[in-house]
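1. after the sequence you'll find the predicted model.
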Amino acid sequence: MYAVPGVPHEMRHMVASAVVPHLLERSGKRGTIVSRSLKTWGTSESALSERIAGRVDTQTNPTIAFLARGIEGLVVRISAKGGSIDEAEALIAAEESILREELGDLVFAVDDETMESVVSDLLRARGWTLGLAESLTGGLVGSRISDTPGSSEIFRGSIVSYATDVKRSVLGVTAEQVVSAECAMQMAEGARRVLGADVGLAVTGVAGPTEQEGQPVGTVFFGLAMPGREPEAVHTRLPGNRLLIRQFSTISLLNLARLRLLDRPGTGIL
């Protein structure tokens with residue numbers, strides 16, 4: 001959606017819907033502009049750009065733009081102009097099909113969908129519940145899940161085990177290093193057990209400003225425990241400041257859950 005100076009974000013769609021057709025009519029080019037956003041996660045913005053460079057370099061109508069939106073992911077926005085809404089949407093649908101073929105599991109949502117709404121829907125479809133154990137994210141994952149309509153059906157709760165002694169006394173962590181794969185798995189298993197959930201997710205790491213246990217800022221471990229799979233941990237090194245590391249950790253943890261709930265390989269992590 002195009003930015004309109006002085007107009008709140010939530011009103012821009014209405015303004016664009018009214019203004020764009022008027023401008024096109026005045027210019028002698030009647031038509032409609034429609035946009036669709038494919039939300040992605042699991043690769044860098046530069047790698048994503050390279051992956052679909054062939055489509056971007058040859059774009060005319062539709063056009064393709066990239067938007068980095070932190071905790072909302074990397075957005076590939078498709079915009080098309082047509083003589084009618086149906087014509088513009090047909091152009092977008094054709095381009096979306098090509099992009100989805102190229103991007104595969106990187107695409108997790110469309111338009112107003114979020115990572116947490118997608119994960120919640122996947123859990124609901126299986127009849128499973130979710131329990132969280134959070135360290136460096138400080139409850140951010142649980143906040144995102146609980147903001148999703150209907151979350152009470154699938155969300156058991158989040159244990160914000162920020163301090164080491166809480167990890168040990170509440171979650172039963174015995175790992176010597178709390179910034180480690182072993183700790184992440186034990187946290188996930190602990191969340192599942194203590195909260196009586198089908199799926200346990202956990203995150204531990206270093207958001208900064210200084211290193212911890214010899215691990216540099218940006219070091220993050222994700223843990224997952226769910227029916228039918230051995231508990232697992234995934235390690236990554238995230239870029240950015242303290243806020244971005246916490247945001248990237250949140251969407252990455254949920255993306256790992258999304259892929260496993262879809263029985264997909266890979267980690268879905270930057």
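-> Looks like it came in fine. Numbering: from 1, shown residues only.
2. quick check: residue 80 is in a strand.
-> Yes: counting by DSSP: H, G, I helix; E, B strand; the rest coil, residue 80 is part of a strand.
3. hey, what's it bridged with?
-> residue 34 (DSSP bridges).
4. correct me if wrong: residue 195 contacts residue 157.
-> Yes: contact criterion CB atoms under 8 Å: residue 195 and residue 157 qualify, at 5.3 Å. In short, each C-beta sits where N, CA and C put it, glycine included.
5. for residue 144, what are its contacts?
-> Shown in contact with residue 144 (CB atoms under 8 Å, 6 or more residues apart in numbering): 71, 114, 115, 116, 250, 254.
6. how much space between it and residue 209?
-> Plainly put, residue 144 is 24 Å away from residue 209 if you go by CB to CB, to the nearest Å.
7. same check, this time on residue 139
-> Distance of residue 139 to residue 209, computed by CB to CB: 20 Å.
8. same deal with residue 220?
-> Using CB to CB, residue 220 is found at 15 Å from residue 209.
9. and stretch 181-190, what's buried?
-> 181, 182, 183, 184, 185, 186, 187, 188, 189, 190 (16 or more other CB atoms under 10 Å).
10. these in helices, which ones?
-> 181, 182, 183, 184, 185, 186, 187, 188, 189, 190 (DSSP state H).
11. which secondary structure element of this protein has the lowest mean pLDDT?
-> Within the chain, no helix or strand scores below helix 12-26, which has a mean of 48 by mean pLDDT, DSSP states H and E.
12. where does the stretch 101-250 of the chain have low pLDDT?
-> Within the stretch 101-250 of the chain, not a single segment meets pLDDT under 70.
13. quick one: the strands in it?
-> 107-110, 130-134, 155-160, 199-205, 219-225, 232-237 (DSSP state E, counting those that start in this stretch).
14. would you say residue 67 is within a helix?
-> No: Residue 67: not assigned to a helix; according to three-state DSSP it is strand.
15. for the residue lying closest to residue 117 once chain neighbours are set aside, what are its contacts?
-> Distances taken as CB to CB, 6 or more residues apart in numbering place residue 148 nearest to residue 117, at 5.0 Å, with adjacent residues excluded. Counting by CB under 8 Å, 6+ apart, residue 148 makes contact with 114, 116, 117, 120.
16. any idea which of those has the most stuff around it?
-> Ranked by the number of neighbours (other CB atoms under 10 Å), the contacts of residue 148 place residue 116 first, at 25 neighbours.
17. that one and residue 150 touch, don't they?
-> No: the criterion here is CB under 8 Å, and residue 116 misses it with residue 150 at 11.4 Å.
18. where along the stretch 51-200 of the chain do the helices fall?
-> In the stretch 51-200 of the chain, the helices defined using DSSP state H, counting those that start in this stretch lie at 53-57, 85-103, 115-126, 140-146, 164-171, 181-195.
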